[in-house]
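Peer 1: Generate a structure from the sequence data that follows.
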Amino acid sequence: MTKPQNKQHSLTETERERHRKTTEERPKWDNKVQYLLTCIGFAVGLGNVWRFPYLCQVYGGGAFLIPYLIALVFEGLPLLYLELAIGQRLRLGSIGVWNSISPYLGGVGVASMMVSFLVGVYYNTILAWVLWYFFHSFQDPLPWSECPVKEDLQGFVQECVDSTPVNYFWYRQTLNVTSNIETNGSLQWWLVLCLATAWCIVYICFIRGIETIGKAVYITATFPYLVLTIFLVRALTLPGATDGLIYLFTPEWELLKNPRVWLDAATQIFFSLSLAFGGLIAFSSYNSEKNNCERDTLLVGCINSATSIYASISIFAILGFKATTNYNSCVQSNILALTNTFDIEDQNITAENYDSWLVSLNKTDHAKVSSLNLTECKLQTFLDESVSGTGLAFIVFTEAVIAMPGSQVWAVLFFIMLFSLGLSSMFGNMEGVLAPLNDLKVLPKWLPSELISAIIALVSLLVGLVFTMGSGNYWLEIFNNYVGSVSLLLIAFFEIIGVVMFRGMKKFSEDIEFMTGRRPNLFWRVCWMGISPVLLLVIFVAYIVVQAQTTPTYPAWNPDYVDFPQAEVLPYPDWVFAMCVFLVAIPVAPIPIVALYRLISRCCCKTNTTEPSGASNPYANEGFNMDT
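Peer 2: Next up, the predicted model:
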């Protein structure tokens, strides 16, 4: 079969003209390394460090890798390939790409832009928290290593004594958290300053788009690997590191029967690769036309997953050390109580022979031992203290750092690593907002991109002030759970539908052949046309079913709670639950709204005008303009 000779053979005449203009006007990466580092930095984020290890821990250790890798192959990589390919071919942002494929899909790009904005607003608040801890990491001793003294100097603050210094520094001295979500509290000035600083840093790195991003990623995308390696080498020399690694990777095959394992594995790989945000489409649009996007897909996807596993090894080696330290402290506390009660000072009781001594004492004087109310000390119990998200970074890991020699150095390195991971992800969120705004062409041409970026950062800062209030941590968890969840699944589903049904698999295959020199193989086509969209629908339905069967609750930090320092689990008030539903619905609302608007406009056009026979569709390939 003779192949078309025109290099633009897979584009319509309108697309060719647009392609010529964008090729002349659109900026390009300085080199391929900048592009790859930017995509890797966007994909590899905080979730690789504090969510993937948690999922491995609670879902069977090494057994969790099975559903995770299956989701990577049949869901993550096909979607990643699709976004990189379509952005590179059409050389537009998310709104421009989907509106170019079909005017009915313009809302998909708007939805991606809204998700990127909302996620960026709360994501940068986490960087503000990281900066707050980073600034305090230079103190000796670390401020979360001991309880503060009361103002009257008569003992320590009771809330800290009842919990731990680490918990007190996080919940009281950092967040100054309220006892429930309905009590807002005031703005915490230190968090406001940290949030403003975080946005200033993001803006400075993003001020000239890919020109400055391309320079920043040399540091932000590579430094975390250096720190992880340093932590790994140091952690493997600590006592208990082996216990942590054994605990992490010991497979529990029975847990694979739990459907929630497969649901979480599918969603983890989806969100870990930063799919459906629009940032990857924008980044790939700055590539040269002949770039091998298939190879980029495999490289970015595999590096992202390998980073999750590599980070888990480093994290759990240190958490194993923490568990061993806590176990030894527990044993020493019990030994002190025993030696003060029984005449056994001349006996050499250690952590190694503690269990046998306790069994012996129980046999000879059980009543006296029971009266001591000794703490049950089991290494497995301390290893089972699973925690994800901010709890891992700001509570569990900071507690582990305290016991490490040279704790200030390790704290500084850890929080610089977290900031680098978050900063490179913020580049993608910002690009996911700026590129679609340029596609909309609603901004004045005389407005410089530097000012547009400043306006985006300022608006995001003002909206993000809600997270610096006393109830801010509760609201951040809501945004994290509902903004970047089901909405992304729906956006990705319509992306695949848009390519398969509207652009057509034949035309899309020709696009890829033009860029890479060969058509996509059978595996990619089967995934795009069947496996991936079906998998997304299954995940979506499963997510809705799981959410419908549970009552939304949140853990509240309440010093007056009877079981304090355990968190008080409270149900969301009705108005807060309505806000959760709103945060899910508002990003995806543009998809049906824009499609309906286009359909009505087309019907009105047909009614009010008479087209000559054979006239082309006036709405085909039009730019997205809400005034049309």
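Peer 1: secondary structure element for residue 569?
Peer 2: strand 568-571 (DSSP states H and E).
Peer 1: What are the buried residues along that strand?
Peer 2: Across strand 568-571, burial judged by 16 or more other CB atoms under 10 Å covers 568, 570. Glycine gets a C-beta too; all of them are placed from N, C-alpha and C.
Peer 1: After the longest helix along the chain, heading C-terminal, what element do we hit next?
Peer 2: Assignment by DSSP state H gives helix 293-341 as the longest helix of the chain. Next along the chain after helix 293-341, taking DSSP H and E as the criterion, comes helix 354-364.
Peer 1: got the buried residues for that following helix?
Peer 2: 354, 357-358, 361.
Peer 1: got the CA positions of stretch 38-48 in CSV?
Peer 2: C-alpha atoms of stretch 38-48 as CSV (Å, rounded to 0.1, in the frame of the first residue of the first chain):
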residue,chain,number,x,y,z
THR,A,38,10.4,17.9,33.3
CYS,A,39,8.0,15.0,32.6
ILE,A,40,9.7,12.8,35.1
GLY,A,41,9.6,15.6,37.7
PHE,A,42,5.9,16.1,37.1
ALA,A,43,5.1,12.4,37.4
VAL,A,44,7.4,11.7,40.3
GLY,A,45,6.0,13.6,43.3
LEU,A,46,5.2,13.4,47.0
GLY,A,47,2.9,10.4,46.4
ASN,A,48,5.9,8.2,45.4
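Peer 1: Can you name the residues in contact with it?
Peer 2: 29, 84, 126, 210, 213-214, 217, 220-221, 224, 268, 271-274, 279-280, 283-284, 296, 300-301, 303-304, 307-308, 311, 393, 418, 421-422, 424-425, 427-428 (CB atoms under 8 Å, 6 or more residues apart in numbering).
Peer 1: switch the cut-off to 6 Å
Peer 2: 217, 220-221, 272-274, 279, 283, 300, 303-304, 307-308, 311, 421-422, 424-425, 428 (CB atoms under 6 Å, 6 or more residues apart in numbering).
Peer 1: how distant is that stretch from the center of its chain?
Peer 2: Distance of stretch 38-48 from the chain centroid (CA atoms, centre = their mean, to the nearest Å) equals 8 Å.
Peer 1: Same question for stretch 256-275.
Peer 2: That offset, for stretch 256-275, works out to 13 Å (CA atoms, centre = their mean).
Peer 1: circling back: does anything pack onto the strand holding residue 569? Which helices or strands?
Peer 2: strand 553-556 (3 or more CB pairs under 6 Å, 6 or more residues apart in numbering; DSSP states H and E).
Peer 1: Using CSV, write out every CA atom in the strand it packs on.
Peer 2: C-alpha atoms of strand 553-556 as CSV (Å, rounded to 0.1, in the frame of the first residue of the first chain):
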residue,chain,number,x,y,z
THR,A,553,-15.5,10.8,58.2
TYR,A,554,-12.3,12.6,59.2
PRO,A,555,-9.8,12.3,62.1
ALA,A,556,-9.9,15.4,64.4
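Peer 1: buried ones in that strand?
Peer 2: 554, 556.
Peer 1: Show me what it is packed up against.
Peer 2: Counting by 3+ CB pairs under 6 Å, 6+ apart, strand 553-556 packs on strand 568-571.
Peer 1: 8 Å instead?
Peer 2: Packing partners of strand 553-556 (3 or more CB pairs under 8 Å, 6 or more residues apart in numbering; DSSP states H and E): helix 472-482, strand 568-571.
Peer 1: Residue 177: neighbour count?
Peer 2: 21 (other CB atoms under 10 Å).
Peer 1: How is it assigned, secondary-structure-wise?
Peer 2: Judged by DSSP: H, G, I helix; E, B strand; the rest coil, the three-state class of residue 177 is coil.
Peer 1: Could you list the residues in contact with the helix or strand just after the strand holding residue 569?
Peer 2: Beyond strand 568-571 in the direction of the C-terminus, DSSP H and E gives the next helix or strand as helix 574-588. Helix 574-588 is contacted from outside by 111, 114-115, 118, 181-182, 478-479, 481-483, 485-487, 490-491, 552, 572, using CB under 8 Å, 6+ apart.
Peer 1: mind redoing it with 7 Å?
Peer 2: With CB atoms under 7 Å, 6 or more residues apart in numbering as the test, helix 574-588 has contacts from 111, 114-115, 118, 181, 478-479, 482-483, 486-487, 490-491, 552, 572.
Peer 1: same check, this time on stretch 177-193
Peer 2: Here stretch 177-193 makes contact (CB under 7 Å, 6+ apart) with 128, 132, 171, 176, 465, 468-471, 473-474, 554, 556-558, 560, 570, 573, 576.
Peer 1: again with stretch 253-273
Peer 2: Outside stretch 253-273, the residues that reach it (CB under 7 Å, 6+ apart) are 43, 47-48, 51-52, 55, 59-60, 63-64, 66-68, 71-72, 75-76, 80, 301, 304, 308, 484, 488, 535, 539, 542-543, 546.
Peer 1: Could you do stretch 133-142 as well?
Peer 2: For stretch 133-142, contacts defined as CB under 7 Å, 6+ apart pick out 143, 394, 402, 407-408, 411-412, 415-416, 419.
Peer 1: Now tabulate those in CSV and tack on neighbour count.
Peer 2: Converted to CSV, those look like this (neighbours: other CB atoms under 10 Å):
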residue, neighbour count
143, 16
394, 26
402, 18
407, 18
408, 16
411, 23
412, 16
415, 25
416, 16
419, 23
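Peer 1: now the strand holding residue 569, how far from the chain's geometric center?
Peer 2: A distance of 25 Å separates the centroid of the chain from that of strand 568-571, by CA atoms, centre = their mean.
Peer 1: who does that strand pair up with?
Peer 2: Strand pairing for strand 568-571, determined by DSSP bridges: strand 553-556 (antiparallel).
Peer 1: so how far is the strand it pairs with off the chain centroid?
Peer 2: With CA atoms, centre = their mean as the basis, the mean position of strand 553-556 lies at 21 Å from the chain mean.
Peer 1: Now do it, average pLDDT.
Peer 2: Here strand 553-556 scores 91 as its mean pLDDT.
Peer 1: now do stretch 170-185
Peer 2: 93.
Peer 1: And residue 274, its phi and psi?
Peer 2: Dihedral pair for residue 274: phi 60, psi 40, per degrees, to the nearest 10.
Peer 1: Any regions of the stretch 201-350 of the chain where pLDDT drops low?
Peer 2: 343-350 (pLDDT under 70).
Peer 1: 80 instead?
Peer 2: 208-209, 334-350 (pLDDT under 80).
Peer 1: Likewise for the chain?
Peer 2: In the chain, residues with pLDDT under 80: 1-26, 60-62, 151-155, 208-209, 334-377, 384-392, 438-446, 484-485, 605-628.
Peer 1: that older thread, contacting residues around the strand holding residue 569?
Peer 2: With CB under 7 Å, 6+ apart, strand 568-571 has contacts from 180, 551-556, 558, 561.
Peer 1: coming back round to it: of the contacts of stretch 253-273, just the buried ones, ChimeraX syntax please.
Peer 2: In ChimeraX syntax, the buried subset of those is picked out as below (16+ other CB under 10 Å):
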select :43,47,48,51,52,55,59,60,63,64,66,67,68,71,72,75,76,80,301,304,308,484,488,535,539,542,543
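Peer 1: The contacts of stretch 253-273 in helices, which ones?
Peer 2: 43, 47-48, 52, 55, 66-68, 71, 80, 301, 304, 308, 488, 535, 539, 542-543, 546.
Peer 1: other SSEs contacting the helix or strand containing residue 514?
Peer 2: If you go by DSSP H and E, residue 514 is part of helix 505-516. Here helix 505-516 touches helix 77-90, helix 293-341, going by 3 or more CB pairs under 7 Å, 6 or more residues apart in numbering; DSSP states H and E.
Peer 1: Try it again at 10 Å.
Peer 2: For helix 505-516, the packing partners by 3 or more CB pairs under 10 Å, 6 or more residues apart in numbering; DSSP states H and E come out as helix 77-90, helix 293-341, helix 522-526.
Peer 1: Most tightly packed of those helices?
Peer 2: helix 77-90 (a mean of 26; mean count of other CB atoms under 10 Å).
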